[in-house]
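S.K.: Fold the following, please.
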Amino acid sequence: MILMLISMLLAWTPLAQDAKDPKAIDFDIRARENLMMGKGANSKRPYYDVVVTKQPTAGVLIKLPYTRKGGKFSFDLHHRVAMTDDFGPTAEVTTVVEILSGGTTSIGTYTISDKINPGDKFEEPIVKSSTAEIDKYITPLTTKTITLDIKPGPQSISIVGQMTILTRGTTTTRVDTPGTRIAIVSNFKFLETPQGTVLKEKD
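M.R.: Numbering: from 1, shown residues only. Presented below is the predicted three-dimensional model:
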């Protein structure tokens with residue numbers, strides 16, 4: 001019985017090794033604890049709130065390790081919406097975030113824009129970090145994957161919010177007050193560039 005168990009474990013080991021992407025690189029998420037919105041009930045992925053700020057330490061701060069070849073860092077961007085029972089008619093929502101690197105140097109702004117309908121749900125339930133009543137209805141909605149080319153060497157990046165624009169009929173509301181939580185990010189990945197691949201610099 002013991003020999004059979006050992007044989008089964010040995011047979012499964014290569015499969016487990018093959019499942020891991022050899023180009024994946026570990027990195028540190030150094031966002032403040034209060035920015036953790038929660039974790040996916042199915043995926044167990046962490047979801048972080050993005051606030052309007054120009055201070056990298058106040059955003060979703062990520063420390064990337066040293067690489068000789070550089071790589072690609074990606075994450076999913078979501079709207080941050082309160083889906084209350086009285087959400088009202090369909091709304092057009094545009095969310096804009098900015099990526100800061102090397103202090104306050106901007107390396108780009110990224111936009112996600114969608115129509116949100118009453119009763120819309122996210123792809124998975126979120127187990128919230130906060131039990132406050134105000135956070136009860138907050139949910140990520142829709143997904144846009146953002147991919148960044150990372151140059152060789154160590155680097156820190158911070159995801160910060162710029163604004164959310166909500167339009168219903170002829171009424172448009174713009175939210176860009178510093179400290180306001182306007183977006184949600186998740187599904188962070190960092191893959192090393194394969195040998196021989198040349199990274200293109202952004203214009």
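
S.K.: so what's Leu35 scoring on pLDDT?
M.R.: The score at Leu35 is 97. That number is its pLDDT.

S.K.: no no, Arg68
M.R.: Looking at Arg68, the pLDDT reads 83.

S.K.: What residues does Ile159 make contact with?
M.R.: Tyr48, Val50, Gly59, Val60, Ile62, Phe75, Val97, Glu98, Ile99, Val185 (Cβ atoms under 8 Å, 6 or more residues apart in numbering). C-beta here means a position set from N, CA and C on the backbone, and glycine is covered the same way.

S.K.: partner residues bridging it?
M.R.: Val60, Ile99 (DSSP bridges).

S.K.: Tell me how far it lies from Phe87.
M.R.: Taking Cβ to Cβ, to the nearest Å as the measure, Ile159 falls 26 Å from Phe87.

S.K.: Asp149 too?
M.R.: Asp149 is 38 Å from Phe87, by Cβ to Cβ.

S.K.: returning to that earlier point: okay if I get the contacts of Ile159 as a markdown table plus distance to Lys128 and neighbour count?
M.R.: Below are the contacts of Ile159 laid out as a markdown table (distance: Cβ to Cβ, whole Å; neighbours: other Cβ atoms under 10 Å):
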| residue | distance to Lys128 | neighbour count |
| --- | --- | --- |
| Tyr48 | 13 | 25 |
| Val50 | 16 | 27 |
| Gly59 | 21 | 26 |
| Val60 | 17 | 27 |
| Ile62 | 22 | 22 |
| Phe75 | 20 | 23 |
| Val97 | 21 | 25 |
| Glu98 | 26 | 20 |
| Ile99 | 26 | 22 |
| Val185 | 16 | 26 |
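
S.K.: need those residues in a markdown table with distance to Pro194 and pLDDT, can you?
M.R.: Listed next are those as a markdown table, based on distance: Cβ to Cβ, whole Å; pLDDT from 0 to 100:
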| residue | distance to Pro194 | pLDDT |
| --- | --- | --- |
| Tyr48 | 29 | 98 |
| Val50 | 31 | 98 |
| Gly59 | 30 | 96 |
| Val60 | 27 | 97 |
| Ile62 | 22 | 96 |
| Phe75 | 21 | 97 |
| Val97 | 28 | 98 |
| Glu98 | 29 | 97 |
| Ile99 | 23 | 96 |
| Val185 | 26 | 98 |
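
S.K.: Thanks a lot, catch you later.
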